[in-house]
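1. just the structure for this:
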Amino acid sequence: MPQISAILSLPYIQPGQAQKHVTHNEAIQRLDALVQPVVADRDRGAPPSAPETSARHIVADGATGDWAGQSGRIAIWDGRAWLFETPLPGWRVHCLAEATELIFGADGWESQAERPFEAARLGLNAGADANDRLSVSAPSTLLNHDGAGHRLKLNRAGASDTASLLFQTGFAGGAEMGLAGEADFSIKTSGDGSGWTTALRLSSADGRASGAAVQSDPLDAAPGRLVAVGGFGLGATAAPRVGDADAALASGLYAMDLPAPAAPAGSSGPAILTVSAHGPQEVAQRLCETATGRAWRRARAGGVWQGWRREIGQADLLGPVGLSDGLPSGAVFETGTTPGGSYLRLADGTQIAWCDEALFARVSTERLEHVWSFPAPFAAMPQVSATLPGAESAYAGLAPGDIGGLMQETGSASAALRLPRVAGASGFAAGAQVAGLRLLAIGRWTGG
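-> Predicted coordinates for the structure are as follows:
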């Protein structure tokens, strides 16, 4: 016959045993400690200094003193010494300090909250099935942090499988985001739950975006699409090319090769076209030749293009002037000097010519004459005036009072100017002349 019980190791009374009450009392004492077991705590590293009789504790790891080497066991104070019971898997005790039940297993003593919970299916206010093994029906679901961050993980078996979030209405899919049978992350939408559009795809290799929500090419102007780097020339080192300025109605930067349809007359070489648009009917364009720096601008109002207007910069102030359809097509001012004097042409078509040292010589006893070849031709007969010199030394063989008002026969390239003798004055003697007259002609260099 064995001496102890198989489970609780209670001592049996043996045949012919003396003092049977000792064995019986020991078994009762152990039963008293292990039936409906309750312990004070499980985190003590040393026994209490004044324990009460029948005090019970679970010995913590690394305990010292009388509890040294007894980690995990149930310590019982019998009034004189500590007794220790070695738990078996499945033993349960109630811990007063934690107000919870502890269960002994392979990992030692654990509360129910510390033990892993596993269930084949779980429905919270809803039914779970073989496919939706976790089902929750509630106004909201909270997944909170435990001291720091919180991460929700969706794991799939392989790259051809799916790990995604599916958003439904009436259990029909409307949107999905995640890894849907490929390595790239995607966001998809559906109007009926069966036909799906990949609105946005983010490459797993480099993170770049594509999909229906992104431009299909640099000139894609579909409303609602995201502009990619290079779209309409934004953020790119090479702008997209357009061949017709009238077709560039979306805001952006474009490259053009001139001359081109709808480009300014006279423009040439490579150019950059800048477009600012408020819808296709209200557009502003600026064209800049990259080789010369010349720039033009125009606008579209109510769907109708206005004419190109050239922008005037510092380099455009002086140079050859020009007019095209009544608009300046060259510099603002043009100046020059020839043997006939100097001239100034303005971009509006006005021309001023002058000569500071004209000499009027005697051609007869009745008049002095000077033929002035203009320094630059006029488009039509200009208005000519002369200013007599104030120094008497400029007059030879006559007195200032002998000269009458200026007479002229003026053409577009020259003027025959005469100073007549006033009535009652002596006739001009041989060699009579006036030097240093100032001549001024005002007219137009163009008939426009």
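2. where along the stretch 251-400 of the chain do the strands fall?
-> 252-258, 269-277, 283-289, 295-301, 304-305, 309-311, 323-324, 327-328, 333-338, 341-346, 350-364, 367-373, 383-387, 395-396 (DSSP state E, counting those that start in this stretch).
3. now these in TSV, with distance to residue 127 and mean neighbour count?
-> Just so you know, the C-beta spots here come from the backbone N, C-alpha and C atoms, and that holds for glycine as well. Output for the strands of the stretch 251-400 of the chain, formatted as TSV (distance: least, CB to CB, whole Å; neighbours: other CB atoms under 10 Å):
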stretch	distance to residue 127	mean neighbour count
strand 252-258	56	19
strand 269-277	57	18
strand 283-289	61	20
strand 295-301	64	17
strand 304-305	67	11
strand 309-311	74	15
strand 323-324	83	15
strand 327-328	81	16
strand 333-338	91	14
strand 341-346	92	19
strand 350-364	95	17
strand 367-373	111	17
strand 383-387	105	15
strand 395-396	126	16
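4. in TSV: the ones you listed, plus distance to residue 230 and mean pLDDT.
-> Below are the strands of the stretch 251-400 of the chain laid out as TSV (distance: least, CB to CB, whole Å; pLDDT from 0 to 100):
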stretch	distance to residue 230	mean pLDDT
strand 252-258	10	94
strand 269-277	15	95
strand 283-289	20	96
strand 295-301	24	95
strand 304-305	27	96
strand 309-311	27	88
strand 323-324	36	82
strand 327-328	36	78
strand 333-338	42	96
strand 341-346	45	96
strand 350-364	48	96
strand 367-373	61	96
strand 383-387	60	95
strand 395-396	78	94
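5. nearest to residue 130, of these?
-> strand 252-258 (55.0 Å; CB to CB).
6. take the strands of the stretch 251-400 of the chain and write them to TSV, including distance to residue 118.
-> Shown next, in TSV, are the strands of the stretch 251-400 of the chain (distance: least, CB to CB, whole Å):
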stretch	distance to residue 118
strand 252-258	59
strand 269-277	62
strand 283-289	67
strand 295-301	70
strand 304-305	74
strand 309-311	77
strand 323-324	88
strand 327-328	86
strand 333-338	93
strand 341-346	95
strand 350-364	99
strand 367-373	113
strand 383-387	110
strand 395-396	128
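7. quick one, which of the ones you listed is nearest to residue 198?
-> It is, among those and with distance given as CB to CB, strand 252-258, at 25.7 Å.
8. now residue 46, nearest residue through space, not along the chain?
-> residue 65 (4.8 Å; CB to CB, 6 or more residues apart in numbering).
9. got the phi/psi numbers for the one you found?
-> Residue 65 adopts backbone torsions of phi 70, psi -140, taken as degrees, to the nearest 10.
10. OK, contacts around residue 365?
-> By CB atoms under 8 Å, 6 or more residues apart in numbering, the contact list for residue 365 reads 421, 427, 428, 429.
11. so residue 353 sits against residue 341, correct?
-> Yes: between residue 353 and residue 341 there is a contact under CB atoms under 8 Å: 6.0 Å.
12. shared neighbours of the two, which are they?
-> What both residue 353 and residue 341 touch, as defined by CB under 8 Å, 6+ apart, is the set 374, 375.
13. where does the residue lying closest to residue 182 once chain neighbours are set aside land on pLDDT?
-> Spatial nearest neighbour of residue 182, chain neighbours left out: residue 159 (7.1 Å); criterion: CB to CB, 6+ apart. pLDDT for residue 159: 91.
14. also the one 3 residues further on?
-> On the pLDDT scale, residue 162 is placed at 94.
15. surely it and residue 177 touch.
-> No: at 11.3 Å, residue 162 does not count as touching residue 177 under the criterion of CB under 8 Å.
16. which of the three states applies to residue 232?
-> Here residue 232 is recorded as helix under DSSP: H, G, I helix; E, B strand; the rest coil.
17. tell me the pLDDT at it?
-> 79.
18. ok, now residue 313?
-> 81.
19. residue 16 too?
-> The model's pLDDT for residue 16 equals 62.
20. what of the one 4 residues further on?
-> Here, the pLDDT recorded for residue 20 equals 55.
21. go on, residue 137?
-> At residue 137, pLDDT is 95.
22. low-confidence regions, the stretch 51-200 of the chain specifically.
-> By pLDDT under 70, the stretch 51-200 of the chain has no low-scoring segment.
23. show me the strands in it, by range?
-> Going by DSSP E, counting those that start in this stretch, the stretch 51-200 of the chain shows strands at 56-58, 74-77, 82-85, 92-95, 100-105, 108-111, 122-124, 134-136, 162-169, 172-180, 185-190, 196-202.
24. which one of the strands of the stretch 251-400 of the chain lies nearest to residue 82?
-> Among the strands of the stretch 251-400 of the chain, strand 252-258 sits nearest to residue 82 (CB to CB), with 86.3 Å.
25. so what touches that closest one?
-> 231-234, 238-243, 245, 248, 263, 267-275, 287, 289.
26. right, and the strands of the stretch 251-400 of the chain - which one's nearest residue 149?
-> strand 252-258 (41.6 Å).
27. that older thread, which one of the strands of the stretch 251-400 of the chain lies nearest to residue 113?
-> Going by CB to CB, the one of the strands of the stretch 251-400 of the chain nearest residue 113 is strand 252-258, 61.2 Å.
28. would you mind getting the angle between that closest one and strand 269-277?
-> Between the axes of strand 252-258 and strand 269-277, defined by axes from the mean of the first three to the mean of the last three CA atoms, to 10 degrees, the angle is 150 degrees.
29. could you spell out which stretches of the chain belong to which domain?
-> 36-111, 181-214, 231-311, 334-444 (automatic domain parsing).
30. export those to TSV and append columns for distance to residue 136.
-> Converted to TSV, the domains of the chain look like this (distance: least, CB to CB, whole Å):
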stretch	distance to residue 136
domain 36-111	25
domain 181-214	22
domain 231-311	43
domain 334-444	80
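31. compare those domains and give me the one nearest residue 123.
-> domain 181-214 (24.0 Å).
32. measure that closest one end to end?
-> Criterion CA to CA, to the nearest Å; first-to-last residue distance in domain 181-214 is 21 Å.
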